[in-house]
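>>> Give me the fold of what follows.
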Amino acid sequence: MRVTRHFAFLGLASALLLTSCGGGSSTGSRSYIAGNGTVTFIKAQDRQPAPTIEGATLAGGTFHLASGRVAVINVWASWCAPCRAEAPALAALSKTFPDVSFVGVLTRDSTATANAFVRRFAIPYPTLIDDSILMGFHNSLVANAIPTTVVIDKKGKVAARISGEITVASLTDLINRVSAE
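Have a look, this model is predicted:
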């Protein structure tokens, strides 16, 4: 009985030690919740206002999201494999939909590695470096994974979310649905 408890304690201690190793430098692995690409769409009458999307950018300037346009907000980090996988599609879609505002929100990353990511994938839209903006989504569709992409309608309300890596088809469909409203 005593040996069984000892092994149970060691198993629990090992699990706690391993799960606490998720942080660290931006070049190592990080613990995070990866989404599975689930799309959530909210009917217009049930939408909540989006938070103010503004702040310092990765490029060193400031940005304020203008109202009256559909916006795509993408939460990402350079160390996130699904973020790297979706980056070319997001860059291409931002050019396909010039009337839609695309904005990145960097989370849990360093500016040096994030700048390298932006250069590598030729990201043409601004990235905000203050992820406290994400707290403003608490009454609607929160960023529950990395990456998360949120679509904001022309009235400044949260219309949809893709939890995890986007596909061209899924984000194109959301942009078209929200733009047609």
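
>>> Any regions of this structure where pLDDT drops low?
Flagging of the chain using pLDDT under 70 yields the residue ranges 1-35.

>>> how does it look with 90?
The chain contains residues with pLDDT under 90 at 1-38, 131, 137-145.

>>> what are the ranges of the strands in it?
38-41, 54-56, 62-64, 71-76, 101-106, 127-128, 148-152, 158-163 (DSSP state E).

>>> closest one to Ser140 among the ones you listed?
Checking the strands of the chain against Ser140 by Cβ to Cβ gives strand 158-163 as the closest, at 3.9 Å. Quick note: C-beta positions are derived from backbone N, CA and C, even for glycine.

>>> In contact with the residue positioned nearest the centre of the chain, which residues are there?
When Cα atoms, centre = their mean is applied to the chain, the residue found nearest the centroid is Val75 (1.9 Å). Val75 sits next to Gly104, Val105, Thr107, Asp131, Leu134, Ala143, Ile146, Pro147, Thr148, Thr149, Val150 when contact means Cβ atoms under 8 Å, 6 or more residues apart in numbering.

>>> Relative to Arg47, how far out is the nearest residue in space to the fourth one that is not next to it in sequence?
Sequence neighbours aside, Thr107 is the residue nearest to Asp131 in space, at 4.1 Å (criterion: Cβ to Cβ, 6 or more residues apart in numbering). Note on Thr107: its distance to Arg47, by Cβ to Cβ, to the nearest Å, is 23 Å.

>>> between those two, which one's more packed in?
Thr107 (23 against 18; other Cβ atoms under 10 Å).

>>> Pull the contacting residues for that one.
Counted by Cβ under 8 Å, 6+ apart, Thr107 has contacts Val75, Trp76, Ala77, Asp131, Leu134, Ala143, Ile146.

>>> Tell me how many other residues surround the fourth one.
Looking back up the chat, that one is Asp131. By other Cβ under 10 Å, neighbour count at Asp131 equals 16.

>>> Pretty sure Trp76 sits against Leu134.
No - using Cβ atoms under 8 Å, Trp76 is not in contact with Leu134, being 11.7 Å away.

>>> Neighbour count: those two, which is higher?
For Trp76 and Leu134, the more surrounded residue by other Cβ under 10 Å is Trp76, and the numbers stand at 26 against 18.

>>> the helices in the chain, which residues?
2-19, 81-96, 111-121, 168-179 (DSSP state H).
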